[in-house]
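Build me a structure from this.
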Amino acid sequence: MKKRDITVFFVSSYSVAFVLRDIKIIRKHFNIRVANFIGIKKTVRDVLKTIIIIWKNLRRSDIAFIWFADFRAFVTVLFAKILRKRTILVVGGYEVAYVPEISYGGTLGKYSRSKISWIIHNADVVISVSDASRKELQQYYDLHSSQLIYNGVETVKFNADPKIRKEDIALTVGYISDSNLLRKGIEPFVKAASFLPEIPFYVIGKYDDETYNHLKKMASPNIVFTGFISEDELIKFYQKAKVYVQISAHEGFGISLAEAMLCECVPVVTDRGALPEVVGDTGYYVPFNKPEETAKAIREALTSSNGSEARKHILENFSMKRRENSLVNIIDKTVCK
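Modelled structure (predicted):
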């Protein structure tokens with residue numbers, strides 16, 4: 001397949017899987033220059049370095065594709081206006097979230113909100129990864145023109161293995177940090193385990209020691225913390241577990257949830273953010289931060305036969321091919337405007 005004669009400047013502050021997948025898509029169809037500012041400190045020297053990198057790359061590109069409305073996005077959009085280049089901004093979720101009960105969201109602070117507002121109203125195209133995020137853009141930033149392009153997941157890589165028998169296991173996946181205890185529902189998940197002592201509960205993900213020690217103090221004997229594991233190991237856990245739990249305070253999408261559903265895990269979730277879009281009617285819904293009610297839903301989910309329906313729902317709505325086609329189309333249209 002011949003690449004288009006268009007150079008895309010890709011800007012992000014995180015090297016997470018869904019960002020890397022977009023880089024792969026764009027590289028397949030266009031020339032690409034990537035500036036992934038991972039772990040850059042906010043010293044004067046680093047800020048100046050960031051500004052120079054963005055200016056040099058943007059001058060040599062036809063369009064900028066930006067993940068997250070942060071400082072790097074601000075600089076990129078500003079320079080793009082000066083250079084008369086077009087910009088596409090993907091809003092990840094945090095930027096438009098407003099969850100005061102856990103002090104989470106870019107809309108909470110006056111300065112943060114004004115910065116994000118300027119970025120989204122000056123980008124040429126704004127992409128939402130869920131309808132929930134699009135509605136938050138409308139509600140908090142009065143932006144009614146964002147494009148809905150759902151995140152995509154690897155539908156071939158993540159699948160059920162008929163050789164692996166499903167077991168009565170509940171699991172959740174996420175980086176275990178203080179900020180994620182409630183935001184990702186990790187602490188309520190750990191507490192829910194005490195109501196189902198006969199069921200193994202797995203918490204999968206890298207952790208910081210302080211938060212891990214906090215959770216260990218409240219954890220019942222049926223809780224297992226795996227720490228970081230490889231993607232292949234993660235897929236084996238998905239294939240073995242009957243139930244996947246994502247009881248977040250807010251979710252812009254829910255990649256791990258979708259991956260687990262592809263492996264025919266029955267989902268137990270809150271009705272927050274984009275989770276109802278990802279799950280549809282294939283799972284069980286619980287109130288936020290209610291461990292006992294979560295345990296009851298997990299018990300029901302363990303007897304459910306909705307696993308195949310969960311996979312079907314993801315296949316029909318959130319494939320990588322669908323996202324690829326949409327991204328290529330929107331880049332083509334934006335460059336040609």
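
CA atoms for contacts and neighbours, from now on please.
OK.

Going along the chain, name the strands of the stretch 51-200 of the chain.
When secondary structure is read from DSSP state E, counting those that start in this stretch, the stretch 51-200 of the chain shows strands at 63-67, 86-91, 125-128, 147-148, 167-173.

quick one: which of those strands is nearest residue 196?
Distances from residue 196 to each of those were compared using Cα to Cα; the shortest belongs to strand 167-173, at 10.2 Å.

Quick one: list the elements packing against that closest one.
With contacts defined as 3 or more Cα pairs under 8 Å, 6 or more residues apart in numbering; DSSP states H and E, the packing partners of strand 167-173 are strand 201-204, strand 241-246, helix 291-302.

For it, give me every contacting residue.
Residues outside strand 167-173 that contact it (Cα atoms under 8 Å, 6 or more residues apart in numbering) are 186, 189, 199-205, 240-246, 256, 298, 302.

Quick check: closest non-adjacent residue to residue 122.
Nearest residue to residue 122, sequence neighbours excluded (Cα to Cα, 6 or more residues apart in numbering): residue 77, at 6.9 Å.

you'd agree that neighbour is up against residue 126?
No - using Cα atoms under 8 Å, residue 77 is not in contact with residue 126; the gap is 11.7 Å.

quick one: which of those two has more around it?
Between residue 77 and residue 126, counting by other Cα atoms under 10 Å, residue 77 is the more crowded of the two (30 against 24).

Using TSV, lay out the helices and strands packed on strand 167-173 together with distance to residue 57 and mean neighbour count.
As requested, the helices and strands packed on strand 167-173 are arranged in TSV below (distance: least, Cα to Cα, whole Å; neighbours: other Cα atoms under 10 Å):
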stretch	distance to residue 57	mean neighbour count
strand 201-204	38	23
strand 241-246	39	28
helix 291-302	48	20
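
among these, which is nearest residue 218?
Proximity to residue 218 (Cα to Cα) singles out helix 291-302 among the helices and strands packed on strand 167-173, at 12.5 Å.

Tell me what angle that closest one forms with strand 241-246.
Following axes from the mean of the first three to the mean of the last three Cα atoms, to 10 degrees, one obtains 140 degrees for the angle between helix 291-302 and strand 241-246.

orientation of helix 291-302 relative to strand 167-173 in degrees?
130 degrees.

Which helix or strand lies directly C-terminal to helix 291-302?
Counting by DSSP states H and E, the element after helix 291-302 in chain order, helix or strand, is helix 307-317.

what residues does that following helix touch?
With contact meaning Cα under 8 Å, 6+ apart, helix 307-317 is reached by 155, 242, 258, 261-267, 278-280, 282-283.

likewise stretch 280-292?
Taking Cα under 8 Å, 6+ apart as the rule, stretch 280-292 contacts 182, 185, 188-189, 191-192, 195, 247-249, 266-271, 293-294, 297, 301, 306-307, 309-310, 313.
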